[in-house]
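Student: Dropping the sequence and predicted coords here.
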Amino acid sequence: MNILIVLGHPDSGSFNHAIAEACKERLLENGHTVIFHDLHKETFDPILEKEEISRDGLADPVIKRHCEELLSSDGIIVIHPNWWGQPPAILKGWIDRVIRPGIAYKFEEGDSGEGVPVGLLKAKTGLVFNTSNTNAERENLLFKDPLETIWKNCIFDFCGVKQFDRRMFRIIVTSDLQQRKIWLEEVKEMMDQYFPKAVKEGIPEGKLFE
């Protein structure tokens, strides 16, 4: 399968990067093709200009490539920290520019855009890994876990990706190396659960595209 991984964190030494490496490693071991984007390393431009807003808007070659990769993906994995209950700005910009009308979703002919969208993505599974320094009780009771709503309802379900799972690792700032190793094993177990080895014997070598 083709699996798209999108990482949004500015620090190359972050636990978010460790999660991304764990995902890549296990997916390749399982024989999958991995398309990986570290948005900060690539200096992805998050600004959506007015010329690009409409379905037929002018998109530059970088965005066209991202859209093509999104459309070809059988699974999508997103990794980012919880910043103010939202993805970091660079990842929000990726959502704005890549999860486009006509690419990820559409409205029925004659619909003004007020109706129920039709998801266009062929991916069956969407996974999200988040990190946080807020405890679970405070997150759920006070903030209502907005990231769950954003990714599950507003993005993946909206675009036709019905199988969704998400893990929030906390509290990062006080976690030690042993705890982080345990978390990374959980990440690998999720790769095995949702993207298992294609065959039990003669597993093909995975491929990585960055």
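Tutor: Everything's here; your move.
Student: Could I get the full set of helices for this structure?
Tutor: 15-29, 61-72, 89-98, 136-138, 146-148, 177-194 (DSSP state H).
Student: Adding mean neighbour count and mean pLDDT, write those helices out as JSON lines.
Tutor: All C-beta atoms are positioned from the backbone trio N, CA, C, and that covers glycine. Converted to JSON lines, the helices of the chain look like this (neighbours: other CB atoms under 10 Å; pLDDT from 0 to 100):
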{"stretch": "helix 15-29", "mean neighbour count": "20", "mean pLDDT": "97"}
{"stretch": "helix 61-72", "mean neighbour count": "16", "mean pLDDT": "96"}
{"stretch": "helix 89-98", "mean neighbour count": "19", "mean pLDDT": "97"}
{"stretch": "helix 136-138", "mean neighbour count": "10", "mean pLDDT": "69"}
{"stretch": "helix 146-148", "mean neighbour count": "17", "mean pLDDT": "93"}
{"stretch": "helix 177-194", "mean neighbour count": "14", "mean pLDDT": "97"}
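Student: Can you tell me which residue is spatially central in this structure?
Tutor: Val78 (2.0 Å; CA atoms, centre = their mean).
Student: Tell me the bridge partners for it.
Tutor: Val6, Val128 (DSSP bridges).
Student: same deal with Thr33?
Tutor: Following DSSP bridges, Thr33 is listed with bridge partners Asn2, Lys207.
Student: same deal with the one 4 residues further on?
Tutor: In this entry, His37 is beta-bridged to Val6, by DSSP bridges.
Student: so how far is Ile79 from it?
Tutor: Counting by CB to CB, to the nearest Å, the gap from His37 to Ile79 is 10 Å.
Student: Quickly list what's touching both of the two.
Tutor: Residues touching both His37 and Ile79 by CB atoms under 8 Å, 6 or more residues apart in numbering: Ile5, Val6, Leu7.
Student: Out of those residues, flag the one nearest to Asp45.
Tutor: Val6 (14.7 Å; CB to CB).
Student: for Leu70, what are its contacts?
Tutor: Counted by CB under 8 Å, 6+ apart, Leu70 has contacts Leu4, Ile76, Val98, Ile99, Ile103, Ala104, Leu121.
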